[in-house]
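Peer 1: curious how this folds, go ahead:
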Amino acid sequence: MKRRFSSEEIALNAVCPYFTMFPLRFPLSVLSRVAESGDVVFDPFCGRGTTNYAARLLRLPSIALDSSRLATATTEAKLVSARVSPDHIVQEARRILGHKRKCDVPRGQFWSMAYKREVLTEICLLRKSLLDDCRSQTRKALRGIVLGALHGPFMKDGTTSYFSNQAPRTFAPKPRYAVAFWRRTGYRAPSVSVLDIITRRAVRYYSARLPTVDHVVRRGDSRHLSALRIVCGERKPRIIVTSPPYYGLRTYVPDQWLRDWFLGGPERVDYSYGVQLSHRSTTAFVKDLQTVWRNVATISHKRARLIFRFGAINDRLLDPADVIKASLEDTPWRLVTISNAGTAYGGRRQADSFDSYRSKPVTELDAWAIRQ
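Peer 2: Below you'll find the predicted structure:
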């Protein structure tokens, strides 16, 4: 099943960046090595859907589950039918923007400095329409494009392919810091055409003719067996490729607050942890992860393989390999091997666009296990 993919075929994987995402080459390498035709691939922490996109490229059916609505929205954007074209997406965006319906537009210092008023108004028109109805394949693709364009950095020449003022690409700017940063640097919200940015991104991400494969994407908590039963139904995944949340990283929700707002969340930062594994202690984290692995084993094929990438933030004094081993104890999974996957930020996957944000590399490990 091993093959090389063109830049056009892999472009869609970048439609919307996601915090602590792993590179496409990881699931592609795993699936190319162990998958057989017809195998069902499952990711119980699907994030931005990289595993499911790799499965699509390899023509394998897949299942995606995540507690984040951003995760499921991004994953759906990557799995839409091959019939969805850039023209379809642009026509849908033009239709929505041409219908000047009443919508709520956030006010305040952050919003006025982050976006030009006319740009924010059009973003809100798209938001309202897509919240009202995002059932079609074209609308799911459009939603993914807008999510990816909501905020990002300027180019060196001052141009941009994002709607916002200068901002980190992966995580959402926090209002207080962002306002102070923009005042200090003199950055101003760009005058951009929302439709033009959507058009360019639609061409970039949806021009390739990709295979249409069976898939299911659902929002749910993988610690609850009922959620896995619902999403998997009668399907029995034989290959599980995933990456649990970094132990100690509790900022998934606030670091994605702007995209979460577009998906129906509040217009302010939500500093709650949201629905995710417990980070109160290593013991609590391991217990939650054990629950997930048991649930996955319950709904999986009797010859299933579990492959996951694991990391932890640097201020946690623990050995990631010990956590991996502990999480698999007293579960139906037998650990086969653990290997070093390098650092989380190899390839500059986090943009240090705000000068005070400097992330330290995090060593990640890959674990392989088989169902006993």
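Peer 1: from the chain's centroid, how far away is stretch 227-240?
Peer 2: Distance, stretch centre to chain centre, for stretch 227-240: 20 Å (C-alpha atoms, centre = their mean, to the nearest Å).
Peer 1: actually, stretch 161-173.
Peer 2: Relative to the centre of its chain, stretch 161-173 is centred 16 Å away, using C-alpha atoms, centre = their mean.
Peer 1: do the same with stretch 94-107
Peer 2: For stretch 94-107, the distance between its averaged C-alpha position and the chain's averaged C-alpha position is 26 Å (C-alpha atoms, centre = their mean).
Peer 1: low-confidence regions, the stretch 151-300 of the chain specifically.
Peer 2: Where the stretch 151-300 of the chain drops to pLDDT under 70, the residues are 250, 273-276, 278-279.
Peer 1: try it again with 50
Peer 2: Low-confidence regions of the stretch 151-300 of the chain, defined by pLDDT under 50, are absent; no residue qualifies.
Peer 1: where along it do the strands fall?
Peer 2: With DSSP state E, counting those that start in this stretch as the definition, the stretch 151-300 of the chain shows strands at residue ranges 215-219, 239-242.
Peer 1: reformat those as a markdown table; add mean neighbour count.
Peer 2: All C-beta spots, glycine's among them, are computed from the backbone N, C-alpha and C. As requested, the strands of the stretch 151-300 of the chain are exported to a markdown table (neighbours: other C-beta atoms under 10 Å):
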| stretch | mean neighbour count |
| --- | --- |
| strand 215-219 | 20 |
| strand 239-242 | 26 |
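Peer 1: who wins for proximity to Glu122 among the ones you listed?
Peer 2: For the strands of the stretch 151-300 of the chain, distance to Glu122 was read as C-beta to C-beta. The smallest value, 27.0 Å, belongs to strand 215-219.
Peer 1: chain center to the lengthiest strand in the chain, what's the gap?
Peer 2: Taking residue count as the measure and DSSP state E as the definition, the longest strand of the chain comes out as strand 333-343. Averaged C-alpha coordinates place strand 333-343 at 23 Å from its chain's average position (C-alpha atoms, centre = their mean).
Peer 1: sheet partners, orientation included, of that strand?
Peer 2: With DSSP bridges as the test, strand 333-343 is paired with strand 363-371 (antiparallel).
Peer 1: could I get the CA-only coordinates of the strand it pairs with as PDB?
Peer 2: Coordinates of the C-alpha atoms in strand 363-371 are reproduced here as PDB (Å, rounded to 0.1, in the frame of the first residue of the first chain):
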ATOM      1  CA  THR A 363      10.200  14.800  23.100                       C
ATOM      2  CA  GLU A 364       7.400  12.500  21.900                       C
ATOM      3  CA  LEU A 365       7.300   8.700  21.900                       C
ATOM      4  CA  ASP A 366       5.500   6.200  19.600                       C
ATOM      5  CA  ALA A 367       3.900   3.200  21.300                       C
ATOM      6  CA  TRP A 368       2.800   0.000  19.500                       C
ATOM      7  CA  ALA A 369       0.500  -2.500  21.100                       C
ATOM      8  CA  ILE A 370      -1.700  -5.400  20.000                       C
ATOM      9  CA  ARG A 371      -4.900  -6.600  21.400                       C
END
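Peer 1: buried residues, it. List them.
Peer 2: Within strand 363-371, the residues scored as buried using 16 or more other C-beta atoms under 10 Å are Glu364, Leu365, Asp366, Ala367, Trp368, Ala369, Arg371.
Peer 1: got it, and stretch 27-36?
Peer 2: Applying a neighbour-count criterion of 16+ other C-beta under 10 Å, one finds Pro27, Leu28, Ser29, Val30, Leu31, Ala35 buried in stretch 27-36.
Peer 1: what distance do you get for the third one to Val241?
Peer 2: In this case it means Ser29. Computed with C-beta to C-beta, to the nearest Å, the distance linking Ser29 and Val241 is 10 Å.
Peer 1: how about the last one?
Peer 2: Distance of Ala35 to Val241, given as C-beta to C-beta: 9 Å.
Peer 1: can you give me the helices for this protein?
Peer 2: Remark: helices of the chain, listed N- to C-terminal, are 7-10, 25-34, 50-57, 69-78, 86-98, 109-114, 117-132, 137-149, 175-185, 194-206, 225-232, 257-262, 282-299, 320-328; assignment by DSSP state H.
Peer 1: excluding chain neighbours, what is closest to Gly152?
Peer 2: Setting aside the residues directly before and after it, Gly152 is nearest to Tyr162 in space (C-beta to C-beta, 6 or more residues apart in numbering), at 3.5 Å.
Peer 1: how close does that neighbour get to Arg235?
Peer 2: Between Tyr162 and Arg235 the computed distance is 38 Å (C-beta to C-beta).
Peer 1: looking at these two, which has the bigger crowd around it?
Peer 2: In terms of neighbours (other C-beta atoms under 10 Å), Tyr162 is the more surrounded of Tyr162 and Arg235; the figures are 20 against 17.
Peer 1: and the more buried one, its phi and psi?
Peer 2: Geometry field for Tyr162 lists phi and psi as phi -120, psi 160, criterion degrees, to the nearest 10.
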